[in-house]
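> my questions are about this predicted structure, shown below with the sequence.
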Amino acid sequence: MTDIRVKICGLRTEADVAAVAAAGAHYAGFVFFPKSPRHVTIAEARTLALAAPVGLAKVALTVDADDALLDAITESVPLDMMQLHGYESPDRVAEVRARYGLPVMKAVGVADEGDLAAIFDYATVADQLLIDAKPPRNADLPGGNGLSFDWRLVAQRRWLRPWMLAGGLTPDNVAEAIRLTNARQVDVSSGVESAPGQKDPARIAAFTRAAQRPSGFRMPG
Ligand SMILES: O=C(O)c1ccccc1NCC(=O)[C@H](O)[C@H](O)COP(=O)(O)O
């Protein structure tokens with residue numbers, strides 16, 4: 001087994017949480033973004049977080065949220081990390097990290113080489129980086145679009161902070177993505193769903209299993 005850490009994002013039910021835990025994933029992401037088919041209310045997220053077993057890290061995902069929303073989330077939902085997935089500046093990342101005392105993962109959208117510079121800026125203030133496909137201009141969602149970017153842009157790269165590869169990953173391509181990039185952490189939302197917002201336990205298990213065998217090694221039989 002390898003030490004690849006897996007995040008499954010956009011959990012909406014206790015069955016989703018149970019499937020993620022059973023698959024051996026490491027992070028469970030809760031999306032606070034009403035336009036998303038994976039959006040959960042604070043009360044729903046609290047129930048899901050309380051259902052998560054010890055050891056499954058609970059991540060609150062917000063998009064350009066103000067302090068009032070972040071206060072409400074952190075006062076009600078037991079969390080292990082905050083994921084900022086909007087246009088938050090490095091200063092805002094540092095501010096959120098100081099205000100809530102939780103590790104912060106900053107999402108950075110990548111489409112081409114020019115987008116990589118931001119990674120270095122955020123790496124000075126965030127605890128982790130989520131390197132995701134940059135959403136198309138007309139996209140409704142800043143993430144969770146099932147779109148990948150050219151993994152060669154981040155292949156074998158190292159930054160000051162740990163990073164997580166995201167964007168269009170699936171059970172069928174995650175091993176190749178890891179092998180090509182040497183990512184030590186991966187994240188998926190739509191690639192383990194049977195329909196938008198409907199997590200598929202079998203795809204969650206397949207994704208997590210595939211992520212642990214990036215060399216393409218398969219058990220016989
Ligand atoms: O997943 C969402 O619906 C979402 C909505 C708004 C902002 C971010 C969102 N997801 C962020 C994630 O961390 C996703 O896992 C990441 O963008 C990868 O998504 P996918 O390409 O669907 O695997």
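That came in fine, so what should we check first?
> list the buried residues for the strand or helix carrying residue 71?
Here residue 71 sits within helix 67-76, counting by DSSP states H and E. Within helix 67-76, the residues scored as buried using 16 or more other Cβ atoms under 10 Å are 70, 73-74. C-beta here means a position set from N, CA and C on the backbone, and glycine is covered the same way.
> low-scoring stretches of this protein, by residue?
Confidence mapping of the chain against pLDDT under 70 gives the ranges 1-2, 214-221.
> and for the residue nearest to residue 196 when sequence neighbours are not counted, the neighbour number?
In this structure, residue 196 finds its nearest non-sequential neighbour in residue 37, 4.0 Å apart by Cβ to Cβ, 6 or more residues apart in numbering. Using other Cβ atoms under 10 Å, the number of residues around residue 37 comes to 18.
> same question for residue 50.
12.
> ok so it is a helix residue?
Yes: under DSSP: H, G, I helix; E, B strand; the rest coil, residue 50 sits within a helix.
> wait, doesn't it sit right on residue 76?
No: between residue 50 and residue 76 there is no contact under Cβ atoms under 8 Å: 10.4 Å.
> closest residue of the protein to the ligand?
Taking Cβ to the nearest ligand atom, the ligand has its nearest neighbour within the chain at residue 144, 2.3 Å off.
> closest to residue 115 among the buried residues of helix 67-76?
Of all the buried residues of helix 67-76, residue 115 sits closest to residue 70, with 25.7 Å by Cβ to Cβ.
> leaving out sequence neighbours, find the closest residue to residue 146.
Among residues not flanking residue 146 along the chain, residue 190 sits closest, at 3.9 Å (Cβ to Cβ, 6+ apart).
> tell me what the residue nearest the centre of the chain is bridged to.
Centroid-nearest residue in the chain: residue 187, 4.5 Å away (criterion: Cα atoms, centre = their mean). Residue 187 forms beta bridges with residue 7, as assigned by DSSP bridges.
> residues from this protein in reach of the ligand?
Residues of the chain lying close to the ligand (Cβ under 6 Å from any ligand atom) are 9-10, 29, 31, 33, 36, 38, 61, 63, 85, 130, 132, 141-147, 166-169, 187-191.
> what sits against the residue nearest to the centre of the chain?
6-9, 27, 29, 130, 132, 164-166, 169 (Cβ atoms under 8 Å, 6 or more residues apart in numbering).
> next: residue 97.
Contact analysis of residue 97 by Cβ under 8 Å, 6+ apart lists 103-104, 125-127.
> buried residues in the helix or strand harbouring it?
In this structure, residue 97 sits in helix 90-100 according to DSSP H and E. Residues 92-94, 96-97, 100 are the ones in helix 90-100 that count as buried (16+ other Cβ under 10 Å).
> where do the strands sit along the protein?
5-9, 27-31, 57-62, 81-84, 104-110, 128-133, 163-165, 185-188, 193-195, 198-199 (DSSP state E).
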